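predicted model, plus sequence, below.
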Amino acid sequence: MNHFVKGNPDLCIGCRTCMIGCVVAHEGLHIFEVDPDSYNFNPKLSVIKTAAITVPVQCKHCENPACMAVCPEKCIHLEKDAVVVDTDRCIGCKTCVMACPYGAIEIVPDSRNRVQIDGSPRMIANKCDLCIHSKRGPECVRVCPTEALTLVTEEDLEKEAADKRIAAAKALAEMNGA
């Protein structure tokens, strides 16, 4: 089973620290040394703010990812309990964007400033990869000041399902007067 990050809108304050942590985790600290106008800030998640809710939205690392199924270059694959994009192979066709039910993929300029044959910026798919390159896990979870983000694993889901079954059995027993 793939892991994923769950956001709690009751705890999220919309500070976007998760977005900064994501970019630093993938690009390094040099982003603080470059001209902000010359840098493409492309976190792999988005914080959504409305009048009623604030919460980060990111890839749910589906078991049968629609994005992976439709990718004509087969550059989306499973790796270490995550759905990952091979950006070297991505052609920026946007098919994955259309297939994702969560809106968790966007097409962005290549962070390595590679260009197309015609000189235009090379565009690639950008989505959460659970920071699989890091031993610390998802940086967004680690840096969130309100602990609004949680990494969900298979064990977490099994425990939650078991707890719900026990609660349902207890409620049924109470209804039957046991």
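Noted; the coordinates are in hand. Predicted, not measured: the structure shown is a model, and the values here were computed from it.

hey, let's count contacts and neighbours off CA atoms from now on
Noted.

can you show me the helices along the chain?
17-27, 66-70, 95-99, 139-143, 154-175 (DSSP state H).

hang on, N8 packs against L149?
Yes. Using C-alpha atoms under 8 Å, N8 is in contact with L149, at 6.3 Å.

so for those two, which sits in the more crowded spot?
L149 (23 against 17; other C-alpha atoms under 10 Å).

which residues are in contact with that one?
V5, K6, G7, N8, C140, V141 (C-alpha atoms under 8 Å, 6 or more residues apart in numbering).

between those residues, which has the most around it?
Among the contacts of L149, C140 has the most neighbours (other C-alpha under 10 Å), with 28 neighbours.

look up how far C140 lies from V24.
As judged by C-alpha to C-alpha, to the nearest Å, V24 and C140 stand 10 Å apart.

ditto for D10
Counting by C-alpha to C-alpha - D10 and C140 are separated by 17 Å.

likewise for E63?
Taking C-alpha to C-alpha, one finds E63 at 22 Å from C140.

centre of the chain to stretch 31-41, how far?
Computed by C-alpha atoms, centre = their mean, to the nearest Å, the chain-centroid distance of stretch 31-41 equals 22 Å.

follow-up on the earlier one: now render the helices of the chain as JSON lines, adding mean pLDDT and distance to C128.
JSON lines is the format used below for the helices of the chain (pLDDT from 0 to 100; distance: least, C-alpha to C-alpha, whole Å):
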{"stretch": "helix 17-27", "mean pLDDT": "93", "distance to C128": "9"}
{"stretch": "helix 66-70", "mean pLDDT": "97", "distance to C128": "13"}
{"stretch": "helix 95-99", "mean pLDDT": "98", "distance to C128": "13"}
{"stretch": "helix 139-143", "mean pLDDT": "97", "distance to C128": "10"}
{"stretch": "helix 154-175", "mean pLDDT": "92", "distance to C128": "18"}
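
and those: which comes nearest V84?
Closest approach to V84 among the helices of the chain (C-alpha to C-alpha): helix 66-70, 9.0 Å.

other residues contacting the closest one?
Counting by C-alpha under 8 Å, 6+ apart, K74, C75, I76, H77, T95, C96, V97, A99, C100 sit against helix 66-70.

so which of those wins on neighbours?
C96 (24 neighbours).

G21: neighbouring residues, count only.
Based on other C-alpha under 10 Å, the number of other residues close to G21 is 20.

so what's it up against?
Counted by C-alpha under 8 Å, 6+ apart, G21 has contacts E139, C140, V143.

what about the last one, neighbour count?
What that stands for is V143. V143 is flanked by 16 other residues according to other C-alpha under 10 Å.

excluding sequence neighbours, find me the nearest residue to V141.
Excluding its sequence neighbours, the residue lying closest to V141 (C-alpha to C-alpha, 6 or more residues apart in numbering) is L149, at 5.0 Å.
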